[in-house]
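In: Below is the sequence, then the predicted model.
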Amino acid sequence: MSMTRPDKNAAKRDHILAAAKALFAEAGLEGASLRAIAARAGYTPAALYFHFPSREAIYAEVLRDSLARLKAAVAGGAARDGFRGAALALFDFYAAHPQELALGFYLGGGGLAPRGLGQGLDPGLNAALLAALAPMRAAGGQEVATEAFALAVGLLVMSETRRIRLFGLSAR
């Protein structure tokens with residue numbers, strides 16, 4: 001049975017997103033041009049425009065998928081063990097997928113700096129992050145959840161850069 005047009009379009013879109021995710025992991029947002037994404041996916045840049053209006057829209061879709069998976073992990077952790085479970089699920093998700101942390105903080109091509117994808121995309125992505133962290137906020141309150149998130153991110157960065165070894169510790 002052959003694929004329908006909507007199925008073919010969805011498959012092509014998924015292929016573009018997979019190629020873009022790999023390129024974003026290697027080069028960051030700034031280093032991944034639309035032309036490079038198209039080449040990685042095996043399409044022309046014009047073919048990408050059929051599915052996405054911009055490189056930023058592609059990045060947003062990759063990040064949206066990451067945040068949906070984070071949300072599921074944190075919710076599962078909270079269901080098992082309240083705040084502690086949610087916080088550990090957050091940590092474990094990013095420890096297992098450090099490229100997802102870099103994706104969420106736009107860390108691929110210029111170090112630490114305030115970045116975003118523009119007013120059309122940022123509010124929705126920020127809302128998705130807050131939704132992913134909602135079980136932590138519900139179980140521990142806003143301030144405690146914020147502190148736990150900051151601690152987890154800091155420990156993950158120290159672990160990925162191996163700076164945690166200076167203290168003779170492991171991140172978890």
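Out: Alright, I've got the coordinates.

In: which helices and strands does the longest helix seen in the chain pack with?
Out: Taking DSSP state H as the criterion, the chain has its longest helix at helix 55-96. Contact here means 3 or more Cβ pairs under 8 Å, 6 or more residues apart in numbering; DSSP states H and E; on that basis helix 55-96 packs against helix 5-31, helix 34-41, helix 98-104, helix 122-140, helix 142-160. From N, CA and C alone the C-beta is placed, and that goes for glycine too.

In: try 6 Å this time
Out: Here helix 55-96 touches helix 5-31, helix 98-104, helix 122-140, helix 142-160, going by 3 or more Cβ pairs under 6 Å, 6 or more residues apart in numbering; DSSP states H and E.

In: Centre of the chain to it, how far?
Out: How far helix 55-96 lies from its chain's middle: 9 Å, per Cα atoms, centre = their mean, to the nearest Å.

In: What mean pLDDT does it get?
Out: Mean per-residue pLDDT for helix 55-96: 96.

In: what's the angle between it and helix 142-160?
Out: Note on geometry: by axes from the mean of the first three to the mean of the last three Cα atoms, to 10 degrees, helix 55-96 and helix 142-160 are set 80 degrees apart in direction.

In: Taking their axis directions, helix 55-96 and helix 122-140 sit at what angle?
Out: 30 degrees.

In: that older thread, could I get the helices and strands packed on helix 55-96 as CSV with distance to residue 53 and mean neighbour count?
Out: Shown next, in CSV, are the helices and strands packed on helix 55-96 (distance: least, Cβ to Cβ, whole Å; neighbours: other Cβ atoms under 10 Å):
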stretch, distance to residue 53, mean neighbour count
helix 5-31, 13, 16
helix 98-104, 20, 18
helix 122-140, 14, 17
helix 142-160, 30, 16
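
In: For residue 91, find the nearest of those helices.
Out: Between residue 91 and these, the tightest spacing by Cβ to Cβ is seen for helix 142-160, at 4.6 Å.

In: looking at the helices and strands packed on helix 55-96, which is closest to residue 79?
Out: Between the helices and strands packed on helix 55-96, helix 122-140 lies closest to residue 79; by Cβ to Cβ that is 8.0 Å.

In: Pipe the helices and strands packed on helix 55-96 into a markdown table and attach distance to residue 69 per row.
Out: Formatted as a markdown table, those follow (distance: least, Cβ to Cβ, whole Å):
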| stretch | distance to residue 69 |
| --- | --- |
| helix 5-31 | 12 |
| helix 98-104 | 8 |
| helix 122-140 | 9 |
| helix 142-160 | 16 |
